[in-house]
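> Structure, please.
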Amino acid sequence: DSAELAAAGLGGICTSGKAFKLDNTFGGATTAYIPVSGVTGNTNPHTMSVYMRSTSSARMVLSSSGGTNWGTSAVYARRSATVTPANSSQQLVIEAAPGVIVWFVLNQLEEATFSSSPIVTEGGTGTVRAADIISMIEPGGLSGGFELRCDVDLERLSDPVDRCIAALGEGAIDNAHLLFVGPDNRLIYEMRQGGVLRLTLATDPIVSTGVKAVRLKSKDGDYALETAGLAAASDNGTYARPNITTGLWGSRFDGSKYLNLYMKKAFVAAA
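Modelled structure (predicted):
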């Protein structure tokens, strides 16, 4: 399926040009399925994901525990779902309705509440990905005020924990500027100084996935947080501000609440 894989931008990952194919066009009157080797092993939340295309209705499920809705995509598209397994022996299963052909690649089952980028190794069994932590180089000069802009690709909404977009401060969350997506899908900016929460700005909930252009301005008398389609949150007060000596993209200073999404572009400068 090399032409379709290349058209979807997967040719550099699926270098063989081949995909798995489930063909349910041979007179079958019931759903056909392929269980993928490997079980959950416990009942913690798991996320399954796959790139798939189909001639009509197909879906991905975690055995008897639920999964994606039935759907059709003529080109390869990533589908994912987070499910709590009914027991420790649940498997990722690809299903095709009667008369349907499904092609799929890069199937993953992970003990996590998000899907990581594809892990391509021979076999793939037991592969562990270390979290990426991206540091801002010499962010000095931002303590008096800064403007931050970034494009974040929200593949999913309503994660159970915060997802940190950026952190600037002295290396601890008690003295820091934190920009993140909350579990309720709001963009949130918090400014903490001396262990005290000095300011919070929050937008209305984001209602759709896709790339979001986020802008934060943090300066006394001019605080603003916005993204397209939502009313901006703002404040014109004056507050005790934390000193900025270091910064991170996609992670907090305590090494938790990672972004777990794709950041397309990022920019920060003194304001």
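
> Partner strands of the worst-scoring helix or strand of the chain on mean pLDDT and their direction?
Ranked by mean pLDDT, DSSP states H and E, the weakest helix or strand in the chain is strand 134-136, scoring a mean of 84. Strand pairing for strand 134-136, using DSSP bridges, gives strand 246-249 (antiparallel).

> following the strand it pairs with, which helix or strand shows up next?
strand 262-270 (DSSP states H and E).

> CA-only coordinates of that following strand, as PDB, when you get a sec.
The C-alpha trace of strand 262-270 is given here as PDB (Å, rounded to 0.1, in the frame of the first residue of the first chain):
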ATOM      1  CA  TYR A 262       2.400  18.000  19.400                       C
ATOM      2  CA  MET A 263       3.900  21.500  19.600                       C
ATOM      3  CA  LYS A 264       4.300  22.800  16.000                       C
ATOM      4  CA  LYS A 265       5.900  26.200  16.800                       C
ATOM      5  CA  ALA A 266       7.000  28.100  19.800                       C
ATOM      6  CA  PHE A 267       8.300  31.700  20.400                       C
ATOM      7  CA  VAL A 268       8.900  33.800  23.500                       C
ATOM      8  CA  ALA A 269      10.400  37.300  23.800                       C
ATOM      9  CA  ALA A 270      10.600  40.200  26.200                       C
END
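
> Please look at V152 and T209 and confirm they touch.
No. Contact criterion C-beta atoms under 8 Å: V152 and T209 do not qualify, at 10.8 Å. C-beta coordinates here come from the backbone N, C-alpha and C atoms, glycine included.

> who has more neighbours, these two?
For V152 versus T209, neighbours defined as other C-beta atoms under 10 Å are more numerous around V152 (25 against 12).

> For the stretch 1-150 of the chain, give me the ranges with low pLDDT.
Low-confidence segments of the stretch 1-150 of the chain, defined by pLDDT under 70, span residues 119-132.

> 90 instead, please
Within the stretch 1-150 of the chain, the ranges that satisfy pLDDT under 90 run 9-15, 26-29, 64, 78, 80-82, 110-141.

> what ranges do the strands span in it?
All strands of the stretch 1-150 of the chain, identified by DSSP state E, counting those that start in this stretch, fall at 20-23, 32-35, 46-54, 58-62, 77-83, 92-96, 101-110, 134-136, 146-154.

> what does the stretch 151-271 of the chain give?
Taking DSSP E, counting those that start in this stretch, the strands of the stretch 151-271 of the chain run over residues 163-169, 176-181, 186-193, 196-205, 210-219, 222-227, 233-235, 246-249, 262-270.

> returning to that earlier point: can you lay out the strands of the stretch 1-150 of the chain as JSON lines showing distance to G71?
Below are these laid out as JSON lines (distance: least, C-beta to C-beta, whole Å):
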{"stretch": "strand 20-23", "distance to G71": "15"}
{"stretch": "strand 32-35", "distance to G71": "16"}
{"stretch": "strand 46-54", "distance to G71": "8"}
{"stretch": "strand 58-62", "distance to G71": "7"}
{"stretch": "strand 77-83", "distance to G71": "7"}
{"stretch": "strand 92-96", "distance to G71": "11"}
{"stretch": "strand 101-110", "distance to G71": "11"}
{"stretch": "strand 134-136", "distance to G71": "34"}
{"stretch": "strand 146-154", "distance to G71": "19"}
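
> which one of these lies closest to G171?
For G171, the closest of the strands of the stretch 1-150 of the chain is strand 134-136, at 10.7 Å, according to C-beta to C-beta.
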